[in-house]
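**Student:** Below are the sequence and a predicted model; questions follow.
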Amino acid sequence: MSFELLRPGDRPRGTVAPSDYGPDASGKWLLSDAFDLATCALIVVLIISVLWTFKDYAVSNDEVVQHQYGKLILDYYLSGFRNPDVFSFDNLYLYGGLFDIVAVTLAHLIPIDVFDLRHILCALIGIGGIAATAATARLVAGPRAGLLATLSLALCGPWYGAMFNHTKDIPFAAAVMGAMLVLIRIGRRMSSPSGADILALGLFLGAALGLRVLGLLIVVYIGFATVLYLPWSAGPNTLRRAAAAAAIRLLPALILAYLVMVAAWPWSALAPMNPIRGLFAFSDFHYPIRTYFAGRIYKMSDVPRAVAAALARLRGKVVQQQKDVALLSLAIVFPLACQVILHGPAFTGMRHFLFVLPPLAALAGIGLDKALAMAGERRRIVASCGAAMISACLLWDASVLYRLHPYENLYYNPLVGGLAGAFRGYDLDYWFNSMPEAIRRLEAYAKASARETGFEPGQVYSVAVCGERVSFERTVTLPQLRWDFKPEWNQSEFFIAPTHMNCDQDLDGKVVATVERFGVPLAYVKDRRSLVKPPTAKVISHVPID
């Protein structure tokens, strides 16, 4: 479909008026606009895509321990609060376990592989975040802005590529965006917010806190929204009464959020100040984890800080849309400013800041819609060129993600030279999502060269892997290939590793297969048999190579 260009005041057949999604909205979402229908169709396509491709994604480094954490939380409740193991399981007690509780529960009800289930669930929540982004942009600027916001986030590689196995960051980001949508709705009717909106705000805030303590940021956004949407044209007494009334109306949401948080995060209930302690503990997390940035390796506490955005000053009478944009801008600028000032941990690219992408996409939809409206005021050729440029950029992003699949999170923009420019200079496949493809290439090599390279039907070969054992064992099919079982890593006959953080250089060997995109190697498969001593035979009887 094309983006229809209109002059101010024009209203095409079948569309809704600004009042239908403006300050006096009744809360009903009318799907009479073609852009609304296109947005819904895109959401359906995304769901189909998730269900078609979820098996293409590997198990991340965190998923095993996170799933175990969910089991420990449920054990704590089922034991009548007598099993304290959940409070000594590494440092995970400092996080909420909402996603993991849901995943563990569903695993008992749905008979599929538990990690496949986690990937489907996380991706569907990610699509929910896209839907919340679309609804927010639509509420602020109309149906066309909603569609543009949907496309902006759905075609964002760091978001789509993370949807399947960032099982804490994506649900958290979706909850934050849901809270922002509801906050704007409440702000527009601050004098009489609906009960449904208050309930939704409490659930979204509780869900965010039940995932990461950074959900406390939403409390800051609530305070900002309360101030922003007050009737500042009224006198001081009226203003004070309005502020007090708003606080009372929002109190039930905060209470509900606290209850949801406690249910998903047992440690937060052990002492009233534990959530605050958790926030400070999180800001002090400094593991010996390294990250790549502009060709240099940094510790997670020393990653360079940068701020490239600022809130516009609000002068005089501020229109409704400007207030909404200011609130969305706060959700982007404030957490980044906190990161800069407090020097919190930062590593693996956008991983810990995925929650700023939905409000960014919402602002992109609003801004592009405004640009198209301004173009519509000029000559028709200018307007058509503007629409064509936007469409071309979106189609190009879609083609890049298609060619990167299933490594969409490796999308790098032209400022660093794309994926080739990021190679050996920025974080790449840090979850080693390319492991299944590397294993399939190793198995193809083994089958194709069994006689030439001396593969013996009964011999078991050790494979050293720079990644998760669960992901390896879920993928490998040849019984001759086993997860590294040698006393020393460098005694293994084969080695597979991503090029991320130069892990592929840890062991030498003959490169027999490469996983690559756009000509950039993401992982290598190495045959090391000529470099290691003949192993003590560990034989399995009469198993053919194919």
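**Tutor:** Noted; the coordinates are in hand.

**Student:** so Leu357 makes contact with Ala154?
**Tutor:** No - with contact defined as Cβ atoms under 8 Å, Leu357 does not reach Ala154; the gap is 11.1 Å. C-beta: built from backbone N, CA, C; applies to glycine.

**Student:** Enumerate every residue touching the residue most central in space within the chain.
**Tutor:** With distances taken as Cα atoms, centre = their mean, Ile170 lies nearest the centre of the chain, 3.4 Å away. Ile170 makes contact with Cys122, Ile125, Gly126, Gly129, Trp159, Ala162, Met163, Leu354 under the criterion Cβ atoms under 8 Å, 6 or more residues apart in numbering.

**Student:** So what's the residue count around the closest residue in space to the first one that isn't next to it in sequence?
**Tutor:** If I follow you right, that is Cys122. Spatially, and ignoring its direct neighbours in sequence, Cys122 is nearest to Thr167 (4.7 Å; Cβ to Cβ, 6 or more residues apart in numbering). Thr167 has 27 neighbours, counted by other Cβ atoms under 10 Å.

**Student:** contacting residues for Thr167?
**Tutor:** Applying Cβ under 8 Å, 6+ apart, the residues near Thr167 are Ser60, Asp62, Glu63, Gln66, Phe99, Asp100, Ala103, Arg118, Leu121, Cys122.

**Student:** Assign a three-state SS to it, would you?
**Tutor:** coil (DSSP: H, G, I helix; E, B strand; the rest coil).

**Student:** how much space is there between it and Ala253?
**Tutor:** Going from Thr167 to Ala253 by Cβ to Cβ, to the nearest Å gives 26 Å.

**Student:** picking up where we left off before, reformat the contacts of Ile170 as JSON lines; add secondary structure.
**Tutor:** JSON lines is the format used below for the contacts of Ile170 (three-state DSSP):
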{"residue": "Cys122", "secondary structure": "helix"}
{"residue": "Ile125", "secondary structure": "helix"}
{"residue": "Gly126", "secondary structure": "helix"}
{"residue": "Gly129", "secondary structure": "helix"}
{"residue": "Trp159", "secondary structure": "helix"}
{"residue": "Ala162", "secondary structure": "coil"}
{"residue": "Met163", "secondary structure": "coil"}
{"residue": "Leu354", "secondary structure": "helix"}
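
**Student:** So which of the residues you listed is the closest to Ser399?
**Tutor:** Trp159 (17.0 Å; Cβ to Cβ).

**Student:** what pLDDT does the closest one get?
**Tutor:** On the pLDDT scale, Trp159 is placed at 96.

**Student:** Which of the contacts of Ile170 has the largest number of neighbours?
**Tutor:** Going by other Cβ under 10 Å, Met163 tops these with 29 neighbours.

**Student:** so what pLDDT did Ala123 get?
**Tutor:** 97.

**Student:** which ones are touching it?
**Tutor:** The neighbours of Ala123, taking Cβ under 8 Å, 6+ apart as the test, are Val50, Phe54, Met163, Phe164.

**Student:** Tell me which helix or strand it sits in.
**Tutor:** Element membership of Ala123 [criterion: DSSP states H and E] is helix 114-141.

**Student:** Break down the stretch 351-500 of the chain into its strands, ranges please.
**Tutor:** For the stretch 351-500 of the chain, applying DSSP state E, counting those that start in this stretch gives strands covering 461-465, 481-483, 494-498.

**Student:** ok, His405 to Ala387 distance?
**Tutor:** 28 Å.

**Student:** same check, this time on Ala145
**Tutor:** According to Cβ to Cβ, Ala145 stands 14 Å off from Ala387.

**Student:** quick one: which of those two has more around it?
**Tutor:** Between Ala145 and Ala387, Ala145 has the larger neighbour count (other Cβ under 10 Å), namely 28 against 19.
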